[in-house]
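>>> 3D model of this:
(chains A and B)
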Amino acid sequence: MSSALTFDPIRLPPECDRLREEVRAFLDEEIAAGTYDPQEPGNDHGFSPAFSRKVGAKGWIGMTWPKQYGGHERSFLERYVVTEEFRVANAPVRLHFVADRQSGPVLLKYANERIKQDVLPRICRGEVCFAIGMSEPGSGSDLFAASTRASKTKGGWHINGTKVWTSNAHHADYLIGLFRTSPATKDNRRHGLTQFVVDMKTPGITVNPIYQMTGQHDFNEVVFQDAFMPDDHVLGEVDGAWKQATSELAYERSGPERFLETFYVLQELVRVLGTNPDLRGAEGLGRLVAQVHALRRMSVSVAGMLHAGKEPVVEAAIVKDVGTIWEQALPHRARELAAFVEEGASNRATFEEQLRFATLIAPKLTIQGGTTEILRGIIARGLGLR
Amino acid sequence: MESTSLIAETASRLLRHHCDPQTLNSFAGDDWQGPAWAALEVAGLPLAWVPEDLGGAGVSLEDGFGLLSLAGRYAVPLPLAETLLAGWLLARGEIAVPAGMLTCAPTRRGDKLRLAREGTLSGRLRAVPFAKAAKHLAVLAEREDGRGSVIALIELATARVADGRSIAGDALNTVSLEAVHPIVTRDAPDGLDGESLLAMGAAARAMQMSGALAAVLDIAVAYANERVAFERPIAKFQAVQHNLARLAGEAAAAMAVAGSAANAIATALAAPRGRLPLAARGFDDALFLEVAAAKIRVGEAAGVGAGIAHQVLGAIGFTREHVLHRFTQRLWAWRDDFDNESAWAVRLGTLIAARGSEGLWPLLASR
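All right, here's what the predicted structure looks like:
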């Protein structure tokens, strides 16, 4: 019921302001030093080992994790500030972002102690890249149809099968994968899947590129042929991954990256429209800014609830649903609003280039990490409709 | 001053008893209004924002905004928000607040009242909610000689109040003043002008609308679970589920952005010598963003949300008998009060453009 939906007006505490200044100063320095070009959202694509190591040295990876694993025991809201500043500055965080957001927290919760000691500190130093192996040729949104098998053998498991659409797999040191260890049961079709942390150097793993329609290489096909996983690489309960899969999603779904992915288009639009836009431009701009402000308030609110130890699963799904629809529509709306702007606008070429890029990547925004349809199913369940 | 939970409890009890939408929907006339208003007055709710020494209940701004969201959940067709706003305005001028229904103006940018040297007020005020029903009007006016703004209390019997109703059927009137003698006039405190009243009004409407959207969501969800078609509750159809999920998204956005604006205003005014920094001097871009974005985004959510709810409820939701229209019609009407989303968007877009591209993100991330 709606009376259960909560979006408290959360304000970021003062320590976040200081941190934000630090992050901005760091990014300014890196841009000035030529480490990366913030005007190039498509630069490969954001993968930079040197940059990730610097971020690690700053203490901005694994910010909320325990110190014993290399973390910094800072608040979830502080992590939020770093994430949004990096996102808006188009910082090249691809190497460490997935590990920081998703994989690390999964390891913290479910991995064997030896693996935690080994891997987590390296994530925090910005040295290791993670991929997520969920989708398969016959299993996308329907995760529980996964058929890539892990068969028990002495001291471990043999994995056989294929994962697809696996972002970063060609860079990844590790992959957290979902594999079938038993058949589904009659009363629980979600039974029988197990999460593993996979060392990508394991013999028997082949990564084949899948090029995207933007020309970029992000997706891959990952083929497992008798790849051996030792027992201690199991995460959590054998056959019980379905109990683990959902709890982390609130973190994944509600972050600033879920509505700021095309934000650079809005910034260039402001530049194209100039300091004194006509009525149409001003109204259009005002509505776009109202939307992004509302999304940020929703997202910060969810961050505040996570910080307070709550599990706002439905609220988080709503942020991603509304946020991704908006960031997907943004380049199209910007195109309309800029239609009558004189050719002479100083940043016209940059605007066109960024608009083209954002338009090309827009379709993926409502697919990756849980499609619109899946999110609306989760929201509907939360509303008591199913 | 009562505690937050006590105010909410009292208000819930009274609204449930006196303003139940189903019950009001079955009444032909307005006879229920007197007793309902009297009950709210006894509890001190309409003058919540007036300090005790000026005749009010001295409730915090935050709790008053909470009360308005609750009133939105009942689509209360009484000048509760208007009286709260009028009381707030009068209290800013240290003017003792009369009992009874109040309203306030101007509610549109561009409407101006002038205070002549001899102390009379003249001007035309469009779209003053409940002016026909209220006894007194609280206004902001500008001195003819340009020496700043004043707050004044007017007896509405001394003005010409044109007939008029909102799309929801609530009184919405043009009020014309020709050399009217106000009951009392006081200099507005530094930093308070027409923009401040518009901002308070916009935030108040945003809270009412977010409450109404939450109620509309509840109504639509409950109906979808009850109504059987093709041998199952329509809630089981994915097309219906997805529509309701979108409605939830709009209600959520409204809740978040309105709550944030109300909190921002309450925080600004709670500071020592707190003022609403939206007048020309000391104008605060971040506070303006909060209020403008709230009115814009909630207005958009009202349009989309009401449309989805009607689609889910089908023909029954289009009848006079069903309560849905009490909410959707007020959502449509409230969009236009204290300037509509287009007007706010032009102002916000103009501000953003003037700040330039580099100024956009720092503004968004300022709190």
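
>>> hey, let's count contacts and neighbours off CA atoms from now on
Noted.

>>> B:Arg147 - how many residues pack around it?
If you count neighbours by other Cα atoms under 10 Å in any protein chain shown, B:Arg147 ends up with 9.

>>> which SS state does it fall under?
Following DSSP: H, G, I helix; E, B strand; the rest coil, the label given to B:Arg147 is coil.

>>> Can you give me the distance of it to chain A?
If you measure B:Arg147 against chain A using Cα to the nearest Cα, to the nearest Å, the figure is 30 Å.

>>> Over to that residue: give its phi and psi.
phi -90, psi 50 (degrees, to the nearest 10).

>>> cool, B:Lys135 as well?
Torsion angles, degrees, to the nearest 10, at B:Lys135: phi -90, psi -40.

>>> swap in A:Thr153?
Backbone torsions for A:Thr153, taken as degrees, to the nearest 10, come to phi -140, psi 180.

>>> What's opposite it in the beta bridge?
A:Gly156 (DSSP bridges).

>>> Residue 209: neighbour count?
Answering for chain A, as no chain was given. Around A:Pro209 there are 19 residues (other Cα under 10 Å).

>>> I was thinking of chain B, sorry if that wasn't clear
Applying other Cα under 10 Å, I find that B:Met209 has 36 neighbouring residues.

>>> Just the buried residues of the strand or helix carrying it, please?
In this structure, B:Met209 sits in helix B:194-226 according to DSSP states H and E. Across helix B:194-226, burial judged by 16 or more other Cα atoms under 10 Å in any protein chain shown covers B:194-225.

>>> Could you look up the SS state of B:Ala96?
Under three-state DSSP, B:Ala96 comes out as coil.

>>> Wait, it touches B:Gly55, no?
Yes - when contacts are counted by Cα atoms under 8 Å, B:Ala96 is listed as touching B:Gly55 (6.5 Å).

>>> What does the pLDDT read for the closest residue to chain A within the stretch 1-150 of chain B?
Residue nearest to chain A within the stretch 1-150 of chain B (Cα to the nearest Cα): B:Arg73, separated by 10.0 Å. Per-residue confidence (pLDDT) for B:Arg73: 97.

>>> That one: what's it in contact with?
B:208, B:211-215 (Cα atoms under 8 Å, 6 or more residues apart in numbering or on different chains).

>>> Can you tell me how far it is from A:Arg114?
Counting by Cα to Cα, to the nearest Å, the gap between B:Arg73 and A:Arg114 amounts to 54 Å.

>>> swap in B:Leu68?
Distance check for B:Leu68 against A:Arg114: by Cα to Cα, it reads 55 Å.

>>> do B:Ala301 as well
Distance from B:Ala301 to A:Arg114, by Cα to Cα: 50 Å.

>>> Of these two, give the one with the bigger neighbour count.
Ranked by neighbour count (other Cα under 10 Å), B:Ala301 and A:Arg114 place B:Ala301 first, with 26 against 10.

>>> Tell me which helix or strand the more buried one sits in.
Counting by DSSP H and E, B:Ala301 is found in helix B:285-313.

>>> Name the residues of that helix that are buried.
Result for helix B:285-313 [16+ other Cα under 10 Å]: buried residues B:285-302, B:305-306, B:308-313.

>>> which parts of the stretch 201-350 of chain A sit against chain B?
A:267-268, A:270-271, A:273-277, A:279, A:281-287, A:289-291, A:293-295, A:297-298, A:301, A:315, A:318-319, A:321-322 (Cα under 8 Å from any Cα of the partner chain).

>>> From those residues, list the buried ones, please.
For these, a burial check counting by 16+ other Cα under 10 Å picks out A:267-268, A:270-271, A:273-275, A:277, A:279, A:281-287, A:289-291, A:293-295, A:297-298, A:301, A:315, A:318-319, A:321-322.

>>> In helices only, show me the residues you listed.
Members of those lying in helices (criterion: DSSP state H): A:267-268, A:270-271, A:273, A:279, A:281-287, A:289-291, A:293-295, A:297-298, A:301, A:315, A:318-319, A:321-322.

>>> For A:Phe263, which non-adjacent residue is spatially closest?
In this structure, A:Phe263 finds its nearest non-sequential neighbour in A:Val88, 6.8 Å apart by Cα to Cα, 6 or more residues apart in numbering or on different chains.

>>> now A:Leu295
A:Gly323 (6.4 Å).

>>> tally of neighbours for that neighbour?
Residues near A:Gly323, counting by other Cα under 10 Å, number 31.

>>> what about stretch A:38-57, distance to the chain center?
Centroid separation for stretch A:38-57 versus its chain: 15 Å, with Cα atoms, centre = their mean, to the nearest Å.

>>> Likewise for stretch B:33-43?
That offset, for stretch B:33-43, works out to 19 Å (Cα atoms, centre = their mean).

>>> List the buried residues in that stretch.
So, applying 16+ other Cα under 10 Å, buried residues of stretch B:33-43: B:36-37, B:39-41, B:43.

>>> likewise stretch B:269-284?
Neighbour-count burial for stretch B:269-284, counted by 16+ other Cα under 10 Å, picks out B:275-279.

>>> need the contact list for residue 323.
Chain wasn't specified; assuming chain A. By Cα under 8 Å, 6+ apart, the contact list for A:Gly323 reads A:258-259, A:295.

>>> my bad, chain B
B:Val323 neighbours (Cα under 8 Å, 6+ apart): B:21-22, B:25, B:317.

>>> how about these in CSV, adding pLDDT and neighbour count?
Conversion of those to CSV gives the following (pLDDT from 0 to 100; neighbours: other Cα atoms under 10 Å in any protein chain shown):
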residue, pLDDT, neighbour count
B:Pro21, 96, 20
B:Gln22, 95, 14
B:Asn25, 95, 16
B:Gly317, 97, 19
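
>>> Which ones among these map onto helices?
Residues of these located in helices (DSSP H): B:21-22, B:25.

>>> State the helix or strand in which the residue lying closest to B:Leu198 once chain neighbours are set aside lies.
Counting by Cα to Cα, 6+ apart, B:Phe338 is the residue found nearest to B:Leu198 once chain neighbours are left out, at 5.6 Å. Assessed by DSSP H and E, B:Phe338 sits outside every helix and strand.

>>> For B:Phe338, which residues are in contact?
So B:Phe338 contacts B:107-109, B:198-199, B:201-202, B:205 (Cα under 8 Å, 6+ apart).

>>> and of those residues, the nearest to B:Leu348?
Closest approach between the contacts of B:Phe338 and B:Leu348, by Cα to Cα: B:Ala199, at 12.7 Å.

>>> Assess the claim that that closest one and B:Glu290 are in contact.
No - using Cα under 8 Å, B:Ala199 is not in contact with B:Glu290, being 9.6 Å away.

>>> Domain ranges for the chain, per the record?
Since you didn't name a chain, this refers to chain A. Chain A resolves into domains spanning A:2-128, A:132-240, A:249-382 when parsed by automatic domain parsing.

>>> Please refer instead to chain B.
According to automatic domain parsing, the ranges for chain B are B:4-187, B:194-364.
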